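Q: the sequence and its predicted three-dimensional model are supplied below.
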Amino acid sequence: MFSQDKDIETIKRIQSGDINAFGDIVERYKDSAYSLTLKIIRNKDEAEDTLQDAFIKLFKAIVEKKYETKAKFSTYFYTIVYNTAVDYYRKYTSKRFNITSIDITDANFKEGDELLRGFQETKIDDSVAIEDSQLSPDKNAAGNEINNIIYKYINSIPEHYSVILNMFYINQLSHYEIAEILKIPEGTVKNRIFRAKEKLKTLLLLNYSEEELLEYI
Amino acid sequence: MENDISNIILEERIKNSLFKKAPDGFTDKLFKEIRLSEEFAREDKKTTKTLKYLLGVLGLFIISFGTILFSAIIGKYEAVRTEEENIITGLPDYINKAFSGILEIFGFSISNLGIIYLLIILIIILGFTFSDKFIVKKSL
């Protein structure tokens, strides 16, 4: 957990001329911000370049004292990251990135929908599957299979779900903060997190009982 | 209770699946970019300062040259000016005559109306230059 106080202290050091202090901010946030950028851009090299741009924008904002320390730093930073990535996406791809592109209602959720469409089309790359060596060989195999299902599911769901999940679980933003950044109602944020999770549970329960899941994962 | 545990474990797995590590050397690459952009900003500042200085010198030169030329031509017409004319009432006439005089030096001749049009065009060009410099660029 990154504390606001620590961030503010680092920002003050940067503003007083200690440029190297910016390295602390970069180290603190680069992985979680990269996860978010990659969810939007879906290309490693372009995501890296876009994140570099976002950090440079942040650096200038700090140096030029555009960031007011009263505001929560992480929200401010992830807004820059999100906007930079979406701008890049809009500029260099013909597709239009729209976080509100699909209106999620109970009806279309129950129909099976877009949450699983990508999952059915995606092949899992075993090299990126999560391993858990603490489990016995049998359990390990089952555990890996479950992890593969989760990994494949999470990395195949549309960006209007994965971006919100990333902001909530990785960037540790609240429902309210996510709604502010994405400019969508807070209820939509809550719904999408809930539905993405419920769909995953349903998917896992198709192959495993609740007891097996508890045992293997 | 079981449901809670499975929920917590599931959320942990979701986090693991979502998390992606930034490429190696990301921070070094970023700092190179930052130092480069700082360098560019410094160079930009220097260039703007030099350009402002040059523009200032050029402006001063044009004003001085204009004033000298203007005085010389006015002096020439002053000699033939009648007694009852004074400076204020005769100012538009002076400007016209001065411009005609300057243009005559370069081998051009222009009517009074033409001089007024020329002055208006000059003022518009100057206006655009200043608005671009001070309004448009400031708002960026």
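A: Okay, I see it.
Q: could you give the number of residues near A:Ala85?
A: Using other Cβ atoms under 10 Å in any protein chain shown, the number of residues around A:Ala85 comes to 25. All C-beta atoms are positioned from the backbone trio N, CA, C, and that covers glycine.
Q: got a list of what it touches?
A: A:36-37, A:40-41, A:47, A:50-51, A:54 (Cβ atoms under 8 Å, 6 or more residues apart in numbering or on different chains).
Q: of these, closest to chain B?
A: Checking the contacts of A:Ala85 against chain B by Cβ to the nearest Cβ gives A:Leu51 as the nearest, at 7.1 Å.
Q: test my guess that the closest one contacts A:Tyr34.
A: Yes. Between A:Leu51 and A:Tyr34 there is a contact at 5.6 Å, judged by Cβ atoms under 8 Å.
Q: between the two, what contacts are shared?
A: Each of B:22, B:26 lies in contact with both A:Leu51 and A:Tyr34 under the rule Cβ under 8 Å, 6+ apart.
Q: pLDDT on the helix or strand harbouring A:Thr50, on average?
A: In the assignment (DSSP states H and E), A:Thr50 maps to helix A:44-63. For helix A:44-63, mean pLDDT rounds to 95.
Q: is that helix positioned near chain B?
A: Yes. Judged by Cβ under 8 Å from any Cβ of the partner chain, helix A:44-63 comes into contact with chain B at A:44, A:48, A:51-52, A:55-56, A:59.
Q: elements contacting that helix?
A: Packing partners of helix A:44-63 (3 or more Cβ pairs under 8 Å, 6 or more residues apart in numbering or on different chains; DSSP states H and E): helix A:4-15, helix A:22-41, helix A:73-92, helix B:26-78.
Q: give the buried residues for it.
A: For helix A:44-63, burial by neighbour count (16 or more other Cβ atoms under 10 Å in any protein chain shown) applies to A:46-59, A:62-63.
Q: how many residues are close by B:Lys46?
A: By other Cβ under 10 Å, neighbour count at B:Lys46 equals 10.
Q: measure A:Gly187 to B:Glu11 for me?
A: Separation of A:Gly187 from B:Glu11 (Cβ to Cβ, to the nearest Å): 20 Å.
Q: pLDDT weak spots in chain B?
A: Counting by pLDDT under 70, chain B contains low-confidence ranges at B:1-3, B:72-92, B:94-95, B:110, B:112, B:130, B:132-140.
Q: with chain A instead?
A: A:1-2, A:94-140, A:217.
Q: any idea how it splits into domains?
A: As given by automatic domain parsing, the domain ranges for chain A are A:4-92, A:106-216.
Q: tabulate those domains (a markdown table), appending distance to B:Glu39.
A: Below are the domains of chain A laid out as a markdown table (distance: least, Cβ to Cβ, whole Å):
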| stretch | distance to B:Glu39 |
| --- | --- |
| domain A:4-92 | 12 |
| domain A:106-216 | 32 |
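Q: quick one, which of these is nearest to B:Phe26?
A: Smallest distance to B:Phe26 across the domains of chain A (Cβ to Cβ): 5.6 Å, for domain A:4-92.
Q: state which helix of chain A is the longest.
A: In chain A, assigned by DSSP state H, the helix with the most residues is helix A:186-207.
Q: backbone dihedrals for A:Arg42, please?
A: phi 60, psi 30 (degrees, to the nearest 10).
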